[in-house]
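Participant: Next comes the sequence, and after it the predicted model I'd like to discuss.
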Amino acid sequence: QVQLVESGGGLVQAGDSLRLSCAASGGPVSTWTMGWFRHTPGKEREFVAGITWDGGQTDYADAVKGRFTISRNNTKTIVYLQMNSLKPEDTAAYYCALRRTLIFEIPIRPNEYGYWGQGTQVTVSS
């Protein structure tokens, strides 16, 4: 059973940076897409960024392009989300999610992902 554990959230001021990590264990899962999503009360969970298992493709929501960077480590067991120039509107619970796949794809709908972490809170004060 695949398990995902996020870490790195916290309380920061506008303009600051944070790096979230998502550690994957269990499996085996050799080919996958990993996504980061965020959720605020009263809103639907939204796609933030995604990366294919080879690291060759990434995708970002328009709201975070140029500020956030998704990457993975060489062993492909940890996916990072580097968040720079944070804004109050980035405040949310952030979740990583994994999709087993044999092709290079980055779906943006939450229901396309079968495994989820427990989430980590990011709060950005103005």
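Facilitator: Perfect, I can see it now.
Participant: just for this structure, where's the confidence low?
Facilitator: By pLDDT under 70, the chain has no low-scoring segment.
Participant: Next, count neighbours for Lys76.
Facilitator: Using other Cβ atoms under 10 Å, Lys76 is surrounded by 17 other residues. Any C-beta I mention is one placed from the backbone N, CA and C, and that applies to glycine too.
Participant: That one against Thr52, yeah?
Facilitator: No: Lys76 is beyond contact range of Thr52, at 10.3 Å (criterion: Cβ atoms under 8 Å).
Participant: nearest spatial neighbour of the residue nearest to the spatial centre of the chain, skipping sequence neighbours?
Facilitator: Centroid-nearest residue in the chain: Trp36, 2.1 Å away (criterion: Cα atoms, centre = their mean). The shortest distance from Trp36 to any non-neighbouring residue, by Cβ to Cβ, 6 or more residues apart in numbering, is to Val48 (4.4 Å).
Participant: Check Tyr60 too.
Facilitator: Ala49 (4.9 Å).
Participant: Contacts only, for that neighbour.
Facilitator: Taking Cβ atoms under 8 Å, 6 or more residues apart in numbering, we find Ala49 in contact with Gly35, Trp36, Thr58, Asp59, Tyr60, Ala61, Val64, Phe68, Thr69, Ile70, Leu81.
Participant: give me that answer again for 7 Å
Facilitator: Trp36, Thr58, Asp59, Tyr60, Val64, Phe68, Ile70, Leu81 (Cβ atoms under 7 Å, 6 or more residues apart in numbering).
Participant: In strands only, show me these.
Facilitator: Mapping the contacts of Ala49 onto strands (DSSP state E) picks out Trp36, Thr58, Asp59, Tyr60, Phe68, Ile70, Leu81.
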